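J.: What would the 3D arrangement of this be:
(2 chains)
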Amino acid sequence: MTSLRKCFQSQWSTKELLLTIGFFIFIAVVLMADAASANEIGHDHPPSRRAAVNPSFGHVVRVLTLQDYNTRVVLLGTVLLGISGGIVGTFMLMRRRSLVGDVVGHTALPGIAVAFLVMEAISPGQGRWFPGLMMGAFIASLLGLVLTTLIRKYSRIREDAAMAIVLSIFFGFGIALFTIIQNIPTGNAAGLNHFIFGKAASLVAADVKFIGWSSLAVLVMSLLLFKEFALLCFDEDFATTQGWPVLILDLSLMLMVVTVGIVGVQSVGLLLVAAMFIIPAVAARFWSDRLLWMTIISAVLGGVSAALGVIASALVPRLSAGAIIVLMGTFFFVLSLILGTRRGVLRRWLIQLHLRRKTARLDLMRACYEYLEPLIIKANGRAASLMTKQTLEFNRLLGMRTWSRRRFNLALKLAGDADLIYSLSPTKFRLTETGANEARRVVRNHRLWELYLIHYADVAPSHVDRDADTIEHVLSADLITELNLLLAERFPHMTVPPSPHAIDPHIIESTEEPAASAVDP
Amino acid sequence: MIDDSRVDADEYPEWSPLSIHDMTVAYHRRSVLWDIDYHAPPGQLVAIVGPNGSGKTTLIKASLDLVPKLSGGVRFFGKPYRQQRDRVAYVPQRGSVDWDFPVNALDVVTMGLYRKIGWCMPVTRKYRQMALDSLDRVGMAAYARRQISQLSGGQQQRVFLARALAQDAELYLMDEPFVGVDAATERAIISILHELRSAGKTALVVHHDLQTVKEYFDHVMLLNMRLVATGPTSDVFTPENLKKTFGGKLALLDQVGTRMSIGEGGK
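T.: Numbering: from 1, shown residues only, chains lettered A, B, ... in the order given. Modelled structure (predicted):
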C-alpha cells in the first residue's frame, strides 16, 4: 500500500505540468493562426493557398523519401537538436530545474539584440552575421544562469523565483531593445524575428554542421559523465562528501543546456525551446524507472517529435516547424501519460481496480470466518468440515462490517466467480472447500499482522484493525513466513491466533473470552 | 591555509577518527554550535544525543565541509577531510533525497563506489557485485532491482547504510538512521554497528531515542548548541547531564527517567 500511495503522489505536480503543456498548445495554435492569416493577407495568389492546404501527391512523396536536399539538411539538424534536448532535459528534470530551458530561451533575446546593435555599430548592414548573433545569445544565457545561481546563493529567494525574475527581466530588456532596433533607419531587422518564433526551414548546411557538432559534444559529455550527473541529481551532499566537484559538474550541465538551447532558438524559437527539453523528459518518466532508459527514451521521443515536426512543415508551406515539434511532443506526452508502463494513468487505474477487488474478496472471507468463529471455537479443532457445512445469511454478514450493499454484492460476486462460495438462495450461501481454506488463511495473516504491530511497533491495540485491513493485502509471501516464525516462538500451539480485540459483540454469543479459547489442533 | 599551518598534534591527535577543535557554526547570524571541542574515541559506537535544533546534524555536516564553519577546525585521523575521504563514510538523513528518483536499490549502493570507479569510467560487473555484497550485509539483496520508491522507510534506510558500507571506510557518520524504521531494520542496523565495532571501526550516530542509548552505544556525546558532556555511556548518560542537555523539558525528562529505571529494573 505504501508503494502504491507513493505511486499516486507524483513528484512533479501534474497540475503545473498540464498548465505548461496547455500554454505551449496555446502558443502553437496562435502561431499556426498567425501563419494562416499571413497566408491570407500577404499573398494574393490563390494557387499558393490551395497548395498550402492540399500539398500535391508528388510533393508528399518527395518530402517523405527525403529527395529534397533542403529537407534532408533541416531534418538532420532538427532531429539532432531534438535528441540532445531530450538528453539534457532529463538531467534538468531530475535536478529539479525544469525552468532552466525557459531561462535560456528568454535570456537569449537581449543577447541577440545587443549583438546585432554592436555589429551594426561596427559595420552597418552586417548586423545579421549569424555566428555573432549566436555568440551574443550564448553569453546572455550564460549570464542569466549565473545570475540565477548567485541570487539563489546570496539571497533567501528560492530558485524557481530567481529563475522567474531573471527570465522576465532579460526578456523585457530584449523586447525593449527590439523596439529600438525596429526604429533604426539602417537596421535591417527583418530576420531577427525568426529567433522569437523560430524558423527551422531557414537552416542551411553550415547551421546543421554547427548543430551536429554541438549535439555530438552534448552526447559524448552525457555518456562520459552519466554516472557523475546521476549522482549529482540524486544526492548533491553525498557527491560533495565524496569529493566530486559539484560546482564544476553543475556548470557543465548548464553549459550543455545553454548550448542546446541557443542552437534550438534558431529552429524552434526562444519561446518554445524550453519545450524541447522538458516535454520528452517528462514523457519518458512514464515509461521507465531507470535513469539510463529514461534518458534514452527521452532522446528518442525528442528526435521523433523533431522529425515529424520538420516533415509536417515541409509538407504544408508556412507551417512553423517549431510549433509542430512541440505539438508532436505534447502528443507523445499525452500518450505516455495514459499508456506509460511505469506510471501511466491506465496502469495505476488497473492496479487500483485489482487491489479494490482483492480487498473486497478478502474482507468477505474474513467476515465469513468471524461469522463462523463462535461455532469453530465450540467445535474445538474439528472445524474443517464445519465451515463448509454451515449456511451463511446475507443480512447478518452485511451487518458485520461497514460496507455498502454495492460493495458487498461485488465481494459476493467475485468470491462466487473464484469458487470460494456458492449460493443456496438469493440470501443464503455456503463456503466451498477452497473458500474455507482461503478464509482461514486470510484470518491467520490478518491476525499475525495485528500481533506483529502490537508487539513490535507500539501501536495501540484498538487502532490495529483498520491498519491491518489495508496492509494485509500487500503483505509479501516472505514477510508472512517471517511473521510465522516470529509468532511460532510465542504461540507454538496456534494455527490461527485469536483476535487480539473483541469481535463485534452481537455476532459472538459467548463474548466472555473470545481470545482465551483458541483453536487447538 | 592558516588552519594548515597551525596543525597541532595535541589538538588533532592521529589516533582520533574525528577531532573537532573550537568549532563554531552559524546559520543566518544565529549560531547553532559554539566552541565544540571533541575527540572521538576509536573503535567505539558513539551516540550524538540532544534536543531538536541542538545542532546534531550541523555538527556532522560542518565536519564534512557541507556547511561552512565560522571558526575552528576539524581533522579526521589527524588530517583534513579532503585528504581522508576514503576513510570516512557518511549516511545522510533519509529525508534528504528524493526517493522517487528513477534508480533501483543497487544503483544507489553503487554510488558509494563511484569514487573508487573514478571519472568517466563505467560501472563494471566487479563493482556491481561489491554493491550487491553490501546490500546482502543489510539483508536487502532480494530487493536489489527494486525501484527505491517502492521500498519501505526502513528498507530505504538500509539501502543508505549499504551505500556507506560499500565505501569500506574506517569512520561512519550516521544521521538519524533509526528514525521511522521498522523493528527488522533496527535490528539490522544494530548488528551492522556491532560488526563495524568488531572490525575496529568507529561509528558516530545521531540518535533520538533516549531509551535505547544505554543498550546500543558505548560512548555518548550530549549536545545542545554547546557540548554538554561526553564520555562512556555509563558515566555520562545520567539524569543530571540529561537535564542540562534537554533543559526545561522536565515533564518529558521525568517520563524518560521513569522508563529508564523501569527498563533497568526489568533486566
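
J.: same question for stretch B:164-176, mean pLDDT?
T.: pLDDT averaged over stretch B:164-176 equals 95, rounded to a whole number.

J.: Dump the C-alpha coordinates for it into PDB.
T.: Once side chains and other backbone atoms are set aside, the C-alpha atoms of stretch B:164-176 remain, and they are given as PDB (Å, rounded to 0.1, in the frame of the first residue of the first chain):
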ATOM      1  CA  ALA B 164      28.200   3.600   3.200                       C
ATOM      2  CA  LEU B 165      29.300   0.000   3.800                       C
ATOM      3  CA  ALA B 166      30.300  -0.200   0.200                       C
ATOM      4  CA  GLN B 167      32.800   2.600   0.800                       C
ATOM      5  CA  ASP B 168      34.700   0.300   3.300                       C
ATOM      6  CA  ALA B 169      35.600   3.300   5.500                       C
ATOM      7  CA  GLU B 170      37.000   3.400   9.000                       C
ATOM      8  CA  LEU B 171      34.700   6.100  10.400                       C
ATOM      9  CA  TYR B 172      30.900   6.100   9.800                       C
ATOM     10  CA  LEU B 173      28.900   9.200  10.400                       C
ATOM     11  CA  MET B 174      25.200   8.400  10.500                       C
ATOM     12  CA  ASP B 175      22.400  11.000  10.800                       C
ATOM     13  CA  GLU B 176      19.300   9.600  12.500                       C
END
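
J.: right, and the secondary structure at B:Asp65 would be what?
T.: In terms of secondary structure, B:Asp65 is coil; the call rests on DSSP: H, G, I helix; E, B strand; the rest coil.

J.: Would you mind measuring from it to chain A?
T.: Using CB to the nearest CB, to the nearest Å, one obtains 8 Å as the distance from B:Asp65 to chain A. Every C-beta, even on glycine, is put in place using the N, C-alpha and C of the backbone.

J.: And for the residue lying closest to that residue once chain neighbours are set aside, the neighbour number?
T.: Distance criterion CB to CB, 6 or more residues apart in numbering or on different chains; nearest residue to B:Asp65, sequence neighbours excluded, is B:Tyr81 at 5.8 Å. Burial of B:Tyr81 is recorded as 17 neighbouring residues (other CB atoms under 10 Å in any protein chain shown).

J.: if I look at B:Tyr81, how far off is B:Ser63?
T.: Taken as CB to CB, to the nearest Å, the spacing of B:Tyr81 relative to B:Ser63 amounts to 7 Å.

J.: Identify the contacts common to the two.
T.: Common neighbours of B:Tyr81 and B:Ser63 are listed as B:Val74 (criterion: CB atoms under 8 Å, 6 or more residues apart in numbering or on different chains).

J.: pLDDT below threshold where in chain B?
T.: Regions of chain B meeting the criterion pLDDT under 70 cover residues B:1-9, B:29, B:248-267.

J.: again but with the stretch 151-300 of chain A, I slipped
T.: Scanning the stretch 151-300 of chain A for pLDDT under 70 picks out the ranges A:185-191.

J.: repeat that with 80
T.: Low-confidence regions of the stretch 151-300 of chain A, defined by pLDDT under 80, span residues A:183-194, A:197-204, A:267.

J.: need the helices for it, in chain order.
T.: A:159-183, A:194-197, A:205-224, A:226-234, A:236-241, A:246-268, A:273-285, A:291-315 (DSSP state H, counting those that start in this stretch).

J.: Now look at the third one and say if it contacts chain B.
T.: Yes. Taking CB under 8 Å from any CB of the partner chain as the criterion, helix A:205-224 and chain B are in contact, through A:Leu224.

J.: B:Val88 is in contact with the residue nearest to B:Asp65, correct?
T.: Yes. Taking CB atoms under 8 Å as the definition, B:Tyr81 is a contact partner of B:Val88 at 6.9 Å.

J.: Report the set of residues contacting both of the two.
T.: With CB under 8 Å, 6+ apart, B:Tyr81 and B:Val88 have common neighbours B:Leu64.

J.: element containing residue 145, please.
T.: Picked chain A for this. Secondary structure here is read from DSSP states H and E; on that basis A:Leu145 sits in helix A:130-154.

J.: right idea, wrong chain: chain B
T.: With DSSP H and E as the criterion, the answer for B:Arg145 is that it lies in no helix or strand.

J.: Run through the residues that contact it.
T.: The neighbours of B:Arg145, taking CB under 8 Å, 6+ apart as the test, are B:Asn104, B:Ala105, B:Leu106.

J.: tally of neighbours for the residue in the stretch 151-267 of chain B that chain A sits nearest to?
T.: Relative to chain A, the nearest point of the stretch 151-267 of chain B is B:Ala183 (4.2 Å; CB to the nearest CB). Residues within reach of B:Ala183, counting by other CB under 10 Å, total 14.

J.: re the thing from before, of the helices of the stretch 151-300 of chain A, flag the one that's most buried.
T.: Relative to the other members of the helices of the stretch 151-300 of chain A, helix A:273-285 carries the highest mean neighbour count by mean count of other CB atoms under 10 Å in any protein chain shown, namely a mean of 29.

J.: Tell me, please, the helix or strand in chain A that averages the lowest pLDDT.
T.: Lowest mean confidence among the helices and strands of chain A (mean pLDDT, DSSP states H and E): helix A:2-8, at a mean of 40.

J.: one step back: which among the helices of the stretch 151-300 of chain A is found nearest to A:Gly399?
T.: Closest approach to A:Gly399 among the helices of the stretch 151-300 of chain A is made by helix A:273-285 (46.5 Å; CB to CB).

J.: As PDB, could you dump the C-alpha coordinates of the closest one?
T.: Listed next in PDB are the C-alpha coordinates belonging to helix A:273-285 (Å, rounded to 0.1, in the frame of the first residue of the first chain):
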ATOM      1  CA  VAL A 273      12.900  25.900 -26.900                       C
ATOM      2  CA  ALA A 274      12.100  25.000 -23.300                       C
ATOM      3  CA  ALA A 275       9.500  22.500 -24.500                       C
ATOM      4  CA  MET A 276      12.200  20.600 -26.400                       C
ATOM      5  CA  PHE A 277      14.000  20.000 -23.000                       C
ATOM      6  CA  ILE A 278      11.100  19.200 -20.700                       C
ATOM      7  CA  ILE A 279       8.300  17.500 -22.700                       C
ATOM      8  CA  PRO A 280      10.300  14.500 -23.800                       C
ATOM      9  CA  ALA A 281      11.900  14.100 -20.400                       C
ATOM     10  CA  VAL A 282       8.600  14.200 -18.600                       C
ATOM     11  CA  ALA A 283       7.000  11.800 -21.100                       C
ATOM     12  CA  ALA A 284       9.900   9.400 -20.700                       C
ATOM     13  CA  ARG A 285       9.500   9.200 -17.000                       C
END
